[in-house]
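Q: need coordinates for the below:
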Amino acid sequence: MPPSEKKLGLWTSTSLVVGNMIGAGVFLMPAAMASFGSIGLLGWVFSAIGSFFLAKVFSNLSKLLPHATGGPYAFTHTGFGDFAGFLVAWGYFIATSCANAAITISLVSALSTFFPVLATNPVAAISTGLCAIWFITYINTLGVVTSGKLQLTTTILKVLPLLLIAIGGLFFIQAKNFIPFNSSGKTTFDAITATAAMTMFSFIGIECATVPAGSVENPGKTIPRATILGLLIATLIYILGSVSVMGVIPASVLQHSVTPYADAAVIIYGSNARYWVSAGVAIAAFGALNGWTLMQGQMPFAIAKDKLFPAIFSKQNKKGVPYVGILLNSVLVSLFMSMNYTKGLVEQFRFLLLLSLLSMLIPYLLSAAAYLVIKAAKKQTTGWPGAVALAVLAFSYALWNIAGTGKDAVYYGFLLLMASVPFYVWVAYKKAGE
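A: Numbers count the residues shown, from 1 in each chain. As a prediction, the model looks like this:
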């Protein structure tokens, strides 16, 4: 157990939540939502409410199991046993590897503003992406505190340009830009459902403070506070930023923008603002890559300790870092990222991203279900009406979003999980023989 000075505190844990939630993708979200009209703002609100239920479940589970490293895996494993826990860990690891590849591509894309060759030369783009991946890998092998400090720094730097646009844009808003309210051609309910499904992906990462629980100082208090605080900070930035960008740029222009925050910054602060917004996108991607890489060491470490992954994943270096999972993740991320720049493999890369969608939601679903099981196992006799209501709401929200990912994601995501069954049978057999 690392000493307290080598553990993550409240603000570093909060930066894991905020930094992993706010990736480069949020900078494009206003343009993606513009075709729906200002009703898209309600999508943010509904996603924030649903995510609060999930965040509260994770907070309560962290109080019940304060030292459970692995977050959703640990909760599912405790509640439903080896097989369910294994499926969550497997899906989470693969999904995060795909997500890290997409984050790396976003980083390279943002850097192309300053180095145009990255937009036209695949070799330069791949080389830059690989350098970023393996530099982050090196940082994460130096210890959880070092990667945590980097996460806190990049989170502050990525939040600043978003806040500058979110707050500065309030003085340039034109009410006419919010009309029509619903331009999607769908019913109000269908439009809200569609926009809530889109914005939900910006809330993935609310569980991140729970994953390195063994490296968090006073986890029973720190993790619940960091989870809720991180969600509130991200929600404020999301909604306020969307209001400003949508209010500054007409919807007819916004829906065709490939850099909506940068376009809004130019209107608010002048032409040079485009560059510091692009820098913000790059920092956002870099920070998210760092945070998710940290997750990729902790998840295999937790499941290996339970003898459901090969024992090599439980090995730690002199800094107490479970480095094998990080190294394997970086190899996979490097492979997936390179696929995107290889003609003929782009569709395969997109297919892998499609597979990852469901795998990021199932841990939420099962964690919500495990909450009541664990509460009963701990023989808690109070607070049951509120706990049941919370679990039902969080479970329903996760299930709703799984349905919202579409039948292809559900089908192929299910196949991805089932592909792990032979591996599980093998490790379960070895575990039973020990």
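Q: A264 and G169 touch, don't they?
A: Yes. With contact defined as C-beta atoms under 8 Å, A264 counts as touching G169 (5.8 Å). C-beta here means a position set from N, CA and C on the backbone, and glycine is covered the same way.
Q: overlap of the contact sets of those two?
A: Residues touching both A264 and G169 (C-beta atoms under 8 Å, 6 or more residues apart in numbering): 244-245, 248.
Q: for burial, what's the neighbour tally of I126?
A: Neighbours of I126 under the rule other C-beta atoms under 10 Å: 20.
Q: residue contacts, it?
A: Neighbouring residues of I126 by C-beta under 8 Å, 6+ apart: 337-338, 341.
Q: kindly reformat those as TSV containing neighbour count.
A: Shown next, in TSV, are the contacts of I126 (neighbours: other C-beta atoms under 10 Å):
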residue	neighbour count
M337	26
S338	18
Y341	18
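Q: from those, which land in helices?
A: 337-338 (DSSP state H).
Q: just the buried ones from the shared contacts of A264 and G169?
A: 244-245, 248 (16 or more other C-beta atoms under 10 Å).
Q: ok, A125 touching F115?
A: No. Contact criterion C-beta under 8 Å: A125 and F115 do not qualify, at 9.7 Å.
Q: which residues of the stretch 251-400 of the chain score low on pLDDT?
A: The model of the stretch 251-400 of the chain has pLDDT under 70 over residues 343-355.
Q: helices along that one, start to end?
A: Counting by DSSP state H, counting those that start in this stretch, one finds helices in the stretch 251-400 of the chain at the ranges 251-254, 260-269, 273-305, 323-340, 346-377, 384-404.
Q: likewise the stretch 1-150 of the chain?
A: Counting by DSSP H, counting those that start in this stretch, the helices of the stretch 1-150 of the chain are 10-21, 29-33, 40-64, 72-80, 82-111, 117-120, 122-140, 144-168.
Q: state the distance from T128 to I326.
A: As judged by C-beta to C-beta, to the nearest Å, T128 and I326 stand 20 Å apart.
Q: and these two? which has more neighbours close in?
A: I326 (25 against 19).
Q: quick one, what contacts the more buried one?
A: I326 makes contact with 137, 140-141, 293, 296-297, according to C-beta under 8 Å, 6+ apart.
Q: how near is it to A213?
A: From I326 to A213 the distance is 17 Å (C-beta to C-beta).
Q: what's the closest non-adjacent residue to G91?
A: In space, and not counting its chain neighbours, G91 is closest to S359: 3.3 Å by C-beta to C-beta, 6 or more residues apart in numbering.
Q: can you check Q174 too?
A: G247 (6.4 Å).
Q: list the contacts for that neighbour?
A: 169-170, 172-175, 177-178.
Q: I'd like the residues you listed as a markdown table, with neighbour count and secondary structure appended.
A: Output for these, formatted as a markdown table (neighbours: other C-beta atoms under 10 Å; DSSP: H, G, I helix; E, B strand; the rest coil):
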| residue | neighbour count | secondary structure |
| --- | --- | --- |
| G169 | 25 | helix |
| L170 | 14 | helix |
| F172 | 13 | coil |
| I173 | 15 | coil |
| Q174 | 11 | coil |
| A175 | 7 | helix |
| N177 | 18 | helix |
| F178 | 16 | helix |
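Q: and which of the residues you listed is nearest to Q380?
A: Lowest distance from Q380 to the contacts of G247 (C-beta to C-beta) belongs to L170, with 45.0 Å.
Q: pull the contacting residues for the closest one.
A: With contact set as C-beta under 8 Å, 6+ apart, L170 has these partners: 240, 243-244, 247.
Q: between those residues, which is nearest I374?
A: The closest of those, once distances to I374 are taken by C-beta to C-beta, is L240, at 35.7 Å.
Q: what about that closest one, which SS state?
A: Classification of L240 using DSSP: H, G, I helix; E, B strand; the rest coil returns helix.
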